[in-house]
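Peer 1: Please find the sequence and the predicted model below.
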Number of protein chains: 2
Amino acid sequence: MAQESKISAAEHCYRTLSHKIVSLELKPNEPVGEQALAKMLGVSRTPVREALSRLSAERLVDLRARAGVIIAPIRLDAVRTAQFVREKLEMAIVAEAAAQSNRRILLGIRQAIEEQELAIYENSPELFFEADERMHGLFCALAGRESVWSFISDAKKHMDRLRKLSIQSGHMDVLVEDHRRLTEAVAAADAEGAASTMQLHLRRVLDDLPDIRRSFPQFFEAEA
Amino acid sequence: MAQESKISAAEHCYRTLSHKIVSLELKPNEPVGEQALAKMLGVSRTPVREALSRLSAERLVDLRARAGVIIAPIRLDAVRTAQFVREKLEMAIVAEAAAQSNRRILLGIRQAIEEQELAIYENSPELFFEADERMHGLFCALAGRESVWSFISDAKKHMDRLRKLSIQSGHMDVLVEDHRRLTEAVAAADAEGAASTMQLHLRRVLDDLPDIRRSFPQFFEAEA
DNA sequence: GTTTGTATCCTTGTATGCAAGAATATGAGA
DNA sequence: TCTCATATTCTTGCATACAAGGATACAAAC
């Protein structure tokens, strides 16, 4: 609270909107309005605009000059790019992580995996998502590359919307199995194995893409 | 011109400031003021603030609430992270590029290298920088990963300030030699060689870091 | 001389006003 | 009924006003 009371209204707007977009609470291709968002967030248009400006730079919203704001559709090109970035970075990360050994962080990773199983049991995609996120961040920490994680997080946002749809249709168990193998490889100092497991793991989202696209065509960019 | 008249004042501010920061025209640790920047750019504070907000998200400026804006110092941690990101992504890029063959793009790459030699002859770091940038972008294009380039560009900005100082102290010839080897490896479809040459190439900046830091201590973050 | 308390100034953070341009509705003509 | 021109409405982009909180200068006490 002490922290949160210190962040600016603009920052608050950014975080809230960013979360609402990634969590699909604001739907791709949905038109929104600065005024409406301002009212929703209880502030004036100025901090909202600052947030939208940043979100636009990330291509999470499309600002059409003097014509309106729309939540960016899921763009296949953006997904492909995000996938590339994330895959290369996280493969390198876990390979480095395999060379490290920090019992405390490893414990955190295993706990996160257990929470994921709990999330499956409770059928809570939200909880799963959160624990998944935390676990990937911990691998970065294990590799001593914590600040790379925020970078990956940015790149990930477009993909996360897909993951959200994918997880809702329920493949969480496969992902946990990946996580387990990944953790074992890292714990066994098997850099190669960790990297290839990570690659396999991250590419699963793409497998579901055609299905998801068929199920939610309104969320995707009009095809070229 | 037709294009430029259409971009918003805020976007103009962002690009101008971003360039001035990376080119060291605005010096690390230098205090600036919204009002002063607004006057310099010929607009009001509002678009300047929007630009500063984005630059702050990239950690290129530090906003101290109600106390002032300062150009971010060169942070060793940020440099290390940018280096990691760039290295992993560009290694993967040239490895993919080696599997492609597009005479037109390869020609563009070779032309860019020739311009770099011209830049050395004319002792123009500006020209060198520009041609270097273009060449790296062309490798992305060759790999069919053009949109990854903008991603790398963002990550690169902190490092670029170092490169700027490094190039001024004149190691451009070594870099061109790297570029030539890199291009030959790619043209010869030697993915491994291209990747390792890229790694070597990108790590050169770090070699100069201690010297640069000694020469320009006022540009760096106060040590921890 | 050093330090501490205070008052002033200065800078940013947010709200609001206004104008320019896009989207939409309206109406006439075919 | 469909098309096209036009008027209207609505939304954003930028400028400005104001307030809250830091930084600074200065004076007083030790």
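Peer 2: It's in.
Peer 1: neighbouring contacts of stretch A:204-216?
Peer 2: A:79, A:83, A:159, A:162-163, A:165-166, A:169, A:171, A:174-175, A:178, A:220 (Cβ atoms under 8 Å, 6 or more residues apart in numbering or on different chains). Yep, even glycine has a C-beta here, placed from its N, CA and C like the rest.
Peer 1: One more: stretch A:100-116?
Peer 2: In contact with stretch A:100-116 (Cβ under 8 Å, 6+ apart) are residues A:127-128, A:131-132, A:134-135, A:138-139, A:141-144, A:172, A:175-176, A:179-180, A:183, A:186-187, A:189.
Peer 1: just checking, what packs against whichever strand or helix holds A:Ala95?
Peer 2: A:Ala95 is part of helix A:76-98 when elements are defined by DSSP states H and E. Judged by 3 or more Cβ pairs under 8 Å, 6 or more residues apart in numbering or on different chains; DSSP states H and E, helix A:76-98 is in contact with helix A:125-142, helix A:146-168, helix A:172-187, helix A:191-215, helix B:76-98, helix B:146-168.
Peer 1: Determine which stretch of these is the most buried.
Peer 2: helix B:76-98 (a mean of 22; mean count of other Cβ atoms under 10 Å in any protein chain shown).
Peer 1: Now do that helix against helix B:191-215, angle only.
Peer 2: 160 degrees (axes from the mean of the first three to the mean of the last three Cα atoms, to 10 degrees).
Peer 1: Please convert the helices and strands packed on helix A:76-98 to TSV, extending it with mean pLDDT and distance to A:Ser101.
Peer 2: Compiled in TSV, these are given as follows (pLDDT from 0 to 100; distance: least, Cβ to Cβ, whole Å):
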stretch	mean pLDDT	distance to A:Ser101
helix A:125-142	95	9
helix A:146-168	92	17
helix A:172-187	95	8
helix A:191-215	95	13
helix B:76-98	97	20
helix B:146-168	92	29
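Peer 1: quick one, which of those helices is nearest to B:Ser196?
Peer 2: helix B:76-98 (7.9 Å; Cβ to Cβ).
Peer 1: wait, what's in contact with A:Ser44?
Peer 2: With Cβ under 8 Å, 6+ apart, A:Ser44 has these contacts: A:Ala38.
Peer 1: What's the separation between it and DNA strand C?
Peer 2: From A:Ser44 across to DNA strand C, the span is 3 Å (Cβ to the nearest atom of the strand, to the nearest Å).
Peer 1: measure that residue to chain B for me?
Peer 2: When Cβ to the nearest Cβ, to the nearest Å is the yardstick, A:Ser44 and chain B sit 12 Å from each other.
Peer 1: what's near enough to touch A:Ala65?
Peer 2: B:Lys6, B:Ser8.
Peer 1: What pLDDT does the model give it?
Peer 2: Note on A:Ala65: pLDDT of 94.
Peer 1: do the same with A:Ala2
Peer 2: 40.
Peer 1: and the residue of chain A positioned farthest from its centre, what element?
Peer 2: For chain A, the largest distance from the centre (Cα atoms, centre = their mean) belongs to A:Arg66, which lies 30.3 Å off. Assigned by DSSP H and E, A:Arg66 belongs to no helix or strand.
Peer 1: quick check, nearest of the contacts of stretch A:204-216 to B:Glu122?
Peer 2: A:Gln83 (41.8 Å).
Peer 1: give me the number of residues near A:Pro47?
Peer 2: When neighbours are counted by other Cβ atoms under 10 Å in any protein chain shown, A:Pro47 registers 20.
Peer 1: Am I right that it is in contact with A:Ala10?
Peer 2: Yes: counting by Cβ atoms under 8 Å, A:Ala10 is a contact partner of A:Pro47 at 3.8 Å.
Peer 1: Now do the contacts for A:Leu127.
Peer 2: By Cβ under 8 Å, 6+ apart, the contact list for A:Leu127 reads A:Glu115, A:Leu118, A:Ala119.
Peer 1: and the residues you listed, which are buried?
Peer 2: A:Glu115, A:Ala119 (16 or more other Cβ atoms under 10 Å in any protein chain shown).
Peer 1: just the contacts of A:Leu127 that are near DNA strand C?
Peer 2: Among those, no residue lies close to DNA strand C (Cβ under 7 Å from any atom of the strand).
Peer 1: Good, wrapping up.
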